[in-house]
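[1] Coordinates for the following, if possible.
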Amino acid sequence: MLLTLACAALGLAPLPATAQDSVTWTLHPHPAGAGALSTTMDAHRMGVRTFPAERLDRPVDTVSARYEHAPGTTVDVRGQRADGGWTEWLPVPGGGRATLPEATTAVQARLVRAATGTADDVRRIELTAWRAAAGPQADSPGGSPASAQSAQRVPTFRIFATREGLVGHTTANGHKITRRDHFVALPSRRGLSGRGSGEYTVRVCTTDNARCEWAPVWDVGPWNVRDDHWNPGREHWPDLPHGRPQAEAAYQDGHNGGRDGFGREVRNPAGIDLADGTFWDGLRLKTNAWVNVTYEWARRGPWGTVVTPRGVHLNVRRGTSAGTQQVGFAARHARVRIVCSLRGAVANGTQGSTDVWYRLAPGKHVSAAYVDRPEGAPAPRPC
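    Down below sits the predicted model:
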């Protein structure tokens, strides 16, 4: 009891009362391939080694990590939500812990190495998870009504976008950039999708919302790497307003002496990078510009993953047929939130033949023939 009170006084989650209250498992990052799904080592950004999710027999909301600390390395964890989506990645320092935003029965970990780090020196990671707080149950779809309503009010922020380019280079998640590629970079790894995945997807639109693209987050940048400005309780720069990237504040107002988190002089206010295809084809931008950005994973409700042939991206239409105006793209692998469903022209795609269309935003529709909806996820309501 005294230990619990001491933890509360320090703002820490209490330890599990007994060994039976916790679940422990071990990861072996080295040698490469020992349980690892993917490994990237980009000398200019970071390396990420992601491990398979651990399926647990009880709900947990707190995860601690023990590992031999190597300079420049961190373990991140996340939990799977009831609707099949994932929380953001949260860093867990060696000997420390992370509190997930809701209870879960699946926890995934990854090892992150900064450019100067030595991830190969981390030989063993021991993770322990337990339930420390009263909150939404892991088996309650969408959590509590209050949390679901709050998540639906995820704001859209006006952010300055730059074109990433860098064809032939490798992103932070290990993707090799191709010509007219479709993805984005955000200045925090908390919303970094795995290679070939879109669990963290943004909706990025021109300021008049005439054109939009739903694109996965596959890189970190352009200026900072720990600036999750879209979160009310952002990891760094808590003195800045919710939704304002630090680079924008540095460029416009001299925040941090006009420098980013690495001490570099900020020469534009960019808070998002767009791959060439997203920049030129999705939004049809001609130069760096302000855009409207919505962080799709922060919302609740029905969702699906865009499944198209390699190199092909799903047309977003004003109406529910191929004859209506094309107003953007939903990139291959993007995870899109579905506002509602309606009937339209029959389309034949990777998911079969159907006359069902999904509305993703006002005046923005995609054919369900190319959207894979996970089993058990909430069903879209009729429009």
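[2] Pop the domain breakdown of the chain in here.
    23-141, 154-298, 303-372 (automatic domain parsing).
[3] Now mean pLDDT too, for the ones you listed, in a markdown table please.
    Below are the domains of the chain laid out as a markdown table (pLDDT from 0 to 100):
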| stretch | mean pLDDT |
| --- | --- |
| domain 23-141 | 78 |
| domain 154-298 | 96 |
| domain 303-372 | 97 |
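[4] quick one: the helices in the stretch 1-150 of the chain?
    For the stretch 1-150 of the chain, the helices defined by DSSP state H, counting those that start in this stretch occupy 2-9, 145-152.
[5] Specify the beta-bridge partners of Ala215.
    Val202 (DSSP bridges).
[6] Only C-alpha atoms, please: export stretch 101-119 in CSV.
    The C-alpha trace of stretch 101-119 is given here as CSV (Å, rounded to 0.1, in the frame of the first residue of the first chain):
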residue,chain,number,x,y,z
PRO,A,101,-4.2,5.2,-23.4
GLU,A,102,-6.5,2.2,-23.0
ALA,A,103,-6.4,-1.5,-21.9
THR,A,104,-5.4,-4.0,-24.5
THR,A,105,-4.8,-7.7,-24.9
ALA,A,106,-2.1,-7.3,-27.6
VAL,A,107,1.2,-5.4,-27.1
GLN,A,108,3.8,-4.8,-29.8
ALA,A,109,7.4,-3.6,-29.4
ARG,A,110,10.1,-2.2,-31.6
LEU,A,111,13.7,-1.2,-31.1
VAL,A,112,14.7,2.2,-32.4
ARG,A,113,18.2,3.3,-33.0
ALA,A,114,19.2,7.0,-33.7
ALA,A,115,21.8,7.7,-36.3
THR,A,116,24.6,7.6,-33.6
GLY,A,117,23.1,4.6,-31.8
THR,A,118,24.3,1.0,-31.6
ALA,A,119,21.2,-1.2,-31.7
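[7] mind checking how far that stretch is from the chain centre?
    13 Å (C-alpha atoms, centre = their mean, to the nearest Å).
[8] List the buried residues of that stretch.
    101-113, 117, 119 (16 or more other C-beta atoms under 10 Å). In short, each C-beta sits where N, CA and C put it, glycine included.
[9] Closest one to Gln80 out of those residues, please.
    Ala106 (3.9 Å; C-beta to C-beta).
[10] the longest strand in the chain is where?
    Determined from DSSP state E, the single longest strand within the chain is strand 97-114.
[11] Quick one: list the elements packing against that strand.
    strand 46-50, strand 54-67, strand 73-79, strand 90-92, strand 125-130 (3 or more C-beta pairs under 8 Å, 6 or more residues apart in numbering; DSSP states H and E).
[12] for the shortest one, packing partners?
    Applying 3+ C-beta pairs under 8 Å, 6+ apart, we find strand 90-92 packed against strand 54-67, strand 73-79, strand 97-114.
[13] now Thr26: how far from Asp253?
    Computed as C-beta to C-beta, to the nearest Å, the Thr26 to Asp253 distance reads 47 Å.
[14] of all the helices and strands packed on strand 90-92, which lies closest to Val346?
    Nearest to Val346, of all the helices and strands packed on strand 90-92, is strand 97-114, at 36.8 Å by C-beta to C-beta.
[15] Contact partners for Gly344?
    With contact set as C-beta atoms under 8 Å, 6 or more residues apart in numbering, Gly344 has these partners: 319-321, 355-357, 365, 367.
[16] Mind checking which of these are buried?
    Buried among the contacts of Gly344 (16+ other C-beta under 10 Å): 320, 356-357, 365, 367.
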